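Novice: give me a model of this one.
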Amino acid sequence: MKGEVSLMPQNDKASLFIAIAVVMFVLGTEYLIARRKGKTIFRFENTIANISMGIFDRIAGVFMVPIIYFYFHYLHEYFAIFEIPETVGWFVFAVFVSDFTWYFYHKSGHKINLFWGAHIIHHQSEDYNYSVAFNLTPFQVFVRVMFWSLMPIIGFSAKMVLGTHLVIGLYQFLLHTPLIPKLGIIEEFMVTPSHHRVHHGSNERYLDKNYGGVLIIWDRLFGTFQREDEEVSYGITRDINSRGFLTGVFHYYGNLFHLMKQMPTLGGKLNVLLKGPDWIPASGELEHLPLYVDKGTYEYKVYTKGQKTYIIGSLVLTIVVLGFMSAFITYIPTAGMEIITMFILTTLITIGRMMEKQPVVTLELVKYGVVLAYVGYLFI
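Specialist: This next block holds a predicted model:
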C-alpha cells in the first residue's frame, strides 16, 4: 500500500469521556425538564431498551470502525479520482456531499425490507426522547458502507468521510426530542426536531417523510417533505410484543425468513427481501409471526424497586465497562477483549430477560464466574 494504516484505533481518551459526559448531560437535562413540565416522555421499558441497543451498537463499533477506516483508506489510496485536501473548506463541502448521500441511504432503509430490518429498531420506541437516538443496530453499518464508498473514490480521505459521519450523527442526536418547538425560518432549510418528530411518527400522513440528516432541502426536492401539523404517534405501525434485547434485534429478520418460506419461487423470496414493508404479493397477504400487536395495546409491565435498581445498575456498569474498553483498547490483551465483550453482550441479554420477567440467575452466575476466573488467572 502507499501508506500503512493500523486497524487498531488510536483513542483520544479525553475526547471520548467528554463526549460521553455531554451526551449523558443532555439526556439527563431533558429528563428533568420533562418532569418539571409534567410530560411523560420516558417510560422505563422503552428507555432501557433504547440504551441497551445503543450499547450493542457501540461495542460493535469498537471493532468495526477501524475496519471501515481501513476500507475507506484503501479505496482512497488506490481508486481516488481526485486528491481533495483536508482543509476546513473542503470538509464543509464533504459534509454537504455526505448529507446528500444520507438522504438516499436513509430512504433505502425504509423502502427495502432487508435494510428496514436493520433500521426498524430505531423506530420501535413508543416514546420519543434523546434515548431514542441511541436505539441503533450495527447491522446498519453494512448498508452505510455501501452508500459512502463513493466518497473516498471521488477523493475524500477516510478521515474526512468518517468525520462527516460524526457531524451528521451528532446533529441527528440533537433532533430526538419533543421539547424543542418549531424554529421559524430555520425550518425551511435545516432538519429540525419538528421535522424529525414527523419522521418518527406512525401517523399515516407522516409515514416515509423527512429523511434528511442535516438539510431538509433534499426532502423538498424529492417530494418527501411533511410539516408537523398534527400530534405525532411515535413508534411503528404495529408494535412488537416485547422489549427484550434479542427480540428487538432479530424480530424483523425472523419475520422476513418466515415470509420467505411462504413464497414458492426464488423470485418471490427475493421480493420479500427487496420490496418495501408494505409490499403484498399478488397471491395475497402473507402470514406474519405472532410477534406484533395492534398499536397502543402493548401492556407495560410493573417492576419492583429492587428489579429497577438491578436493571439500572447493570446498565450503568455496562456503560462504564464499555467506556473503559474503548479508552484502553490498545492495552487490553485479546483474551481480555473477549471476556469484556462477553460480559457486555451477556448483560444486555440478561437485562432484556429481566424486562420480560424471565429468570436470569444462572446466566448471571455464569457471567460473573467467567469474569472472576479470568481475573484470578491474571494474578496466578
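Novice: so where is this protein shaky, pLDDT-wise?
Specialist: Low-confidence regions of the chain, defined here as pLDDT under 70, cover residues 1-18.
Novice: let's see that with 50 instead.
Specialist: The model of the chain has pLDDT under 50 over residues 1-12.
Novice: show me it divided up by domain.
Specialist: By the assignment in automatic domain parsing, the chain contains the domains 13-238, 305-379.
Novice: what does stretch 45-52 contact?
Specialist: Residues outside stretch 45-52 that contact it (CB atoms under 8 Å, 6 or more residues apart in numbering) are 124-127, 129, 131-132, 134-135, 243, 245, 248, 300-301, 311-312, 315, 319, 348, 351-352, 355. The way it works is simple: take the backbone N, C-alpha and C, and place the C-beta from them, glycine included.
Novice: on that earlier part again, would you mind finding the most buried of the domains of the chain?
Specialist: Among the domains of the chain, judged by mean count of other CB atoms under 10 Å, the one packed with the most neighbours on average is domain 13-238 (a mean of 17).
Novice: can you give me the strands in the stretch 101-250 of the chain?
Specialist: Residue ranges of the strands in the stretch 101-250 of the chain, as given by DSSP state E, counting those that start in this stretch, are 238-240.
Novice: please read the previous query as pertaining to the stretch 251-380 of the chain.
Specialist: Per DSSP E, counting those that start in this stretch, the stretch 251-380 of the chain has strands spanning 292-294. These are given in chain order.
Novice: contacting residues around the closest residue to Arg227 other than its chain neighbours?
Specialist: Here the nearest residue to Arg227 in space, its sequence neighbours aside, is Val198; by CB to CB, 6 or more residues apart in numbering that works out to 7.2 Å. Residues near Val198 by CB under 8 Å, 6+ apart: 206, 209-210, 226-228, 232.
Novice: roughly how far apart are the residue nearest the centre of the chain and Thr318?
Specialist: Of all residues in the chain, the one closest to the mean position by CA atoms, centre = their mean is Leu136, 1.4 Å from it. For Leu136, the distance to Thr318 (CB to CB, to the nearest Å) stands at 16 Å.
Novice: would you list the domains of the chain in JSON lines and tack on distance to Gly296?
Specialist: What follows is the domains of the chain, written out as JSON lines (distance: least, CB to CB, whole Å):
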{"stretch": "domain 13-238", "distance to Gly296": "8"}
{"stretch": "domain 305-379", "distance to Gly296": "19"}
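Novice: to Asp278, which of these lies closest?
Specialist: Nearest of the domains of the chain to Asp278, taken as CB to CB: domain 13-238 at 8.7 Å.
Novice: the domains of the chain: which one's closest to Gly276?
Specialist: Closest of the domains of the chain to Gly276 is domain 13-238, at 4.9 Å (criterion: CB to CB).
Novice: distance between the closest one and the chain's centre?
Specialist: Between the mean C-alpha location of domain 13-238 and the chain-wide mean there is a distance of 8 Å, by CA atoms, centre = their mean, to the nearest Å.
Novice: next one: stretch 353-372
Specialist: Mean-position distance between stretch 353-372 and its chain equals 25 Å (CA atoms, centre = their mean).
Novice: keeping just the C-alphas, turn that stretch into PDB.
Specialist: What follows is the C-alpha trace of stretch 353-372 in PDB, where atoms were taken according to Å, rounded to 0.1, in the frame of the first residue of the first chain:
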ATOM      1  CA  ARG A 353     -34.800 -11.100  30.000                       C
ATOM      2  CA  MET A 354     -35.400  -9.200  33.300                       C
ATOM      3  CA  MET A 355     -37.500  -6.800  31.300                       C
ATOM      4  CA  GLU A 356     -39.600  -9.700  30.200                       C
ATOM      5  CA  LYS A 357     -39.700 -11.100  33.800                       C
ATOM      6  CA  GLN A 358     -37.700 -14.200  32.700                       C
ATOM      7  CA  PRO A 359     -35.200 -15.900  35.000                       C
ATOM      8  CA  VAL A 360     -31.600 -14.800  34.800                       C
ATOM      9  CA  VAL A 361     -29.800 -16.200  37.900                       C
ATOM     10  CA  THR A 362     -28.000 -19.000  36.100                       C
ATOM     11  CA  LEU A 363     -26.900 -16.700  33.300                       C
ATOM     12  CA  GLU A 364     -25.700 -14.000  35.700                       C
ATOM     13  CA  LEU A 365     -23.800 -16.600  37.800                       C
ATOM     14  CA  VAL A 366     -22.000 -18.000  34.700                       C
ATOM     15  CA  LYS A 367     -21.200 -14.500  33.500                       C
ATOM     16  CA  TYR A 368     -19.600 -13.300  36.800                       C
ATOM     17  CA  GLY A 369     -18.000 -16.700  37.200                       C
ATOM     18  CA  VAL A 370     -16.100 -16.400  33.900                       C
ATOM     19  CA  VAL A 371     -15.000 -12.900  34.800                       C
ATOM     20  CA  LEU A 372     -13.800 -13.900  38.200                       C
END
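Novice: fine, thanks again, bye for now.
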